[in-house]
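# missing the sequence, but the structure's below:
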């Protein structure tokens, strides 16, 4: 191995880390915009983010980077595919190719269409007028098809779009598993709907003072392992988790005094994302080996802590007495069983973000199928609202009350995020696969949870998932950790194990 | 005028505005660091700021910039010195020359000495051990002398350092006025010390709940004209005001439940800075014509709102009933006169940041003289603590209890901020000069203040000072607005007008 190759790698590493540092500055600008920015500050903030984005893009498509990567691709540093050096070279090569394959005109057209699309979508949603959004979505679909053609794909154009969010995933693989999931979910949801048992969800709509929610949520996040010396929790309108540095991971949530679930499970969800980010190797920050592998794997972490841990009975055996102390007025007369049933209410609804564990993936399936049909030109945008409503009826037995609360409910398509929705379901599927494996490796975790001890699970996740960064693709990582490919059965087992007893199925 | 010159100016403008945008990003990184950053996030934040500082410095010293400026200096765009184009060309030329005259090695040595100096100062202050700081200060003085020699100066090396904070000010001019000020201040302070009247300051140490302080302070800031749609107010350890964009000006303060003055006058002070920033021309952001002219003028705005407005009897005729409503427990039994006297307590103390309006400038005079003596090599660093204590005794009649609360009390020298202190006194002097002129132009303002109406004064400041940006140098601006050069008499008239009646002098 010559010195030259090492020198080249060192230069590559410096270049990419500096780009990563700029990206982390962009994350702060975005976080601040959504949490703190004064109302008149938006225009200049957009200017700041545009200047920075230009610098980041220039660095990411710098021909020098391409030359270094070409030199390194055949070098000994790339020989062992599981080594840090090989993983970085491989992933950076992919990113570079993707970035440089898109013509500048298309990148700009996509950015413009996203800005205008979101504005049109907002207006269309407000006025329940799909026709106002239709031409924007038509243009976006056309641009996304062009994008797919520039990038290239294995089987279908949609593969290229999915790859933006779940690198290396194949649409046909995902579709097969989601289809199998649907076949088992629909009867489960129907069985629950037919049950005479119903939780009293009004107990979650009593008064939960915001300050108590802040304290209780923060304590829970800290308890599951989120490190507030390397992170924060703040308030925003549309909650998210964002990383501004290896020791600066910020959760956001929103509180409604009369809805316990929103604030609390929102915090657990974002803390799940945050634990992944805090578990990445700090010394690799900015490099692929120090970054999360995919949105699906990221979502598996948030869903695991939100649902598999946070909505479990064992979790509440420890936390319910604390909840009663935090909210004496709301919970004094509520036994644990009643509370546990209420937070696990299953009820088909037209709105994805309000969906429960059982129905959630049916919402995703509708979107996943419609996106493919649009990109494959098998569905016209004009026909979308009708087909949307049909599919909701078939999947959930309900008819959306309006387009605003139907086909227009999500921002994603207007912003060009096509291929994104699938990662929510991948997250749910991976979460159950990982959780089953963790239980197989560590034994039943309920005992630990009942004592408020989440360290065994977190350590397992740290070792098997977080610290791996982008060493393996998501598909490969799941196979290595669980011994199986993407699989719907662990999730279905979990849902039956939980809802069977609750609803007397 | 050829098209070429206009094209060059447009390119210059774009270049400088983009640099300004990067600088505004740096301001957000700094603000966030001091207000919100998780405790373990410091290392990466330093990395972010270093990367950005490198990019900013490269743009500021870009030879292309020098060429544009050389071309424009003799162009018709520079002909009318009071035009925006001429002001920008002139000021950018000065900045460029200053930046490019310092050798890279010296810039780096200064940066290193500042970091190490501050660490040593912190330790020295904590352990009351000047000897620990001495070699660092010696090195810093030596580097600052080199800096002055590289930059060049009119009369003394200290001119070059003062110029960093108060561009174009001449040390001899400032010294003459401060000397005249001292001659009148010392007898005033002595007369007050000899008075038998004393306010009851314990009323300011009663319980002022933090939440009430936040609300009351915010209301006052809003009332004097600070626009919270283009700004914020947050909490930090060492209060400051910082601008992240033309409509994003952030004030910070700190609260002590048992000390009314700290939080409240801190907010008024920072809001004074903030009003200046919000009054700059937004469309010129990033260009000299859209930036504050000097630290002295900046401080004149904060001191005016803090002291000439906020510590006036007329101000409290309107705000005192509101204060009594906000703090019923603390103020129910306190008449306005007693409160007004208490917030205007004059008492020589060893600590600058705790000093009142009358003694404050004596603290500055000590530092201003010592800095010059150090830079002129007429005082050895080793002798500094002794001379400091002698001067404090001469000026204020007190002996500092220790070096920690004496010569080591301020961070400035350790960070290389030599020439900075004078701007605090310039601010006090300018504030009184401006305020006298505003009163001459608008008539006595007490009536308006008594009705909580600060718009006449603010409009006057907007027109005469804020909107001017860097069109004129500070010295020139003061002369244009007030018809006089820097002058100690308006401040002395204000002090006698206020303290004469209060102390029965």
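On my side now, so go ahead. Small disclaimer: the values here were computed from a predicted structure and weren't measured.
# Any idea what the closest residue to chain B within the stretch 201-350 of chain A is bridged to?
Evaluated by Cβ to the nearest Cβ, the stretch 201-350 of chain A has residue A:245 as its residue closest to chain B, separated by 3.2 Å. All C-beta atoms are positioned from the backbone trio N, CA, C, and that covers glycine. For residue A:245, the beta-bridge partners are residue A:248 (DSSP bridges).
# For it, grab the count of nearby residues.
27 (other Cβ atoms under 10 Å in any protein chain shown).
# Same question for residue A:460.
Counted with other Cβ under 10 Å, residue A:460 comes out at 20.
# roughly how far apart are it and residue A:426?
Plainly put, residue A:460 is 20 Å away from residue A:426 if you go by Cβ to Cβ, to the nearest Å.
# Next: residue A:448.
Counting by Cβ to Cβ, the gap from residue A:448 to residue A:426 is 27 Å.
# more neighbours, these two?
residue A:426 (30 against 17).
# Show the backbone phi and psi for the closest residue in space to that one that isn't next to it in sequence.
Distances taken as Cβ to Cβ, 6 or more residues apart in numbering or on different chains put residue A:296 closest to residue A:426, at 3.3 Å, once the chain neighbours are dropped. Torsion angles at residue A:296 (phi, psi; degrees, to the nearest 10) stand at phi -60, psi -50.
# go on, residue A:191?
The phi/psi pair for residue A:191 (degrees, to the nearest 10) reads phi -60, psi -40.
# ok, which residues in the stretch 151-300 of chain A are in contact with chain B?
By Cβ under 8 Å from any Cβ of the partner chain, the residues of the stretch 151-300 of chain A that approach chain B are A:227-232, A:244-248, A:285.
# hmm, try it at 10 Å
Taking Cβ under 10 Å from any Cβ of the partner chain as the test, the list of the stretch 151-300 of chain A residues beside chain B reads A:227-232, A:234, A:244-250, A:278, A:282, A:285-286.
# From those residues, list the buried ones, please.
A:228, A:230-232, A:244-250, A:278, A:285-286 (16 or more other Cβ atoms under 10 Å in any protein chain shown).
# Show me where the stretch 51-200 of chain A has its helices.
Listed in chain order, the helices of the stretch 51-200 of chain A (DSSP state H, counting those that start in this stretch) span A:63-73, A:84-101, A:104-127, A:130-151, A:157-162, A:171-194.
# Save these as a markdown table, and put in mean pLDDT and mean neighbour count too.
Compiled in a markdown table, these are given as follows (pLDDT from 0 to 100; neighbours: other Cβ atoms under 10 Å in any protein chain shown):
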| stretch | mean pLDDT | mean neighbour count |
| --- | --- | --- |
| helix A:63-73 | 97 | 16 |
| helix A:84-101 | 96 | 19 |
| helix A:104-127 | 93 | 16 |
| helix A:130-151 | 97 | 19 |
| helix A:157-162 | 97 | 24 |
| helix A:171-194 | 96 | 17 |
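# Take the ones you listed and write them to JSON lines, including distance to residue B:434.
As requested, the helices of the stretch 51-200 of chain A are exported to JSON lines (distance: least, Cβ to Cβ, whole Å):
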{"stretch": "helix A:63-73", "distance to residue B:434": "54"}
{"stretch": "helix A:84-101", "distance to residue B:434": "54"}
{"stretch": "helix A:104-127", "distance to residue B:434": "44"}
{"stretch": "helix A:130-151", "distance to residue B:434": "53"}
{"stretch": "helix A:157-162", "distance to residue B:434": "61"}
{"stretch": "helix A:171-194", "distance to residue B:434": "69"}
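# Contacts only, for the residue nearest to the spatial centre of chain A.
Residue closest to the mean C-alpha point of chain A, counted by Cα atoms, centre = their mean, is residue A:299 at 3.9 Å. Residue A:299 is in contact with A:166, A:269, A:272-273, A:276, A:306, A:423-431, counting by Cβ atoms under 10 Å, 6 or more residues apart in numbering or on different chains.
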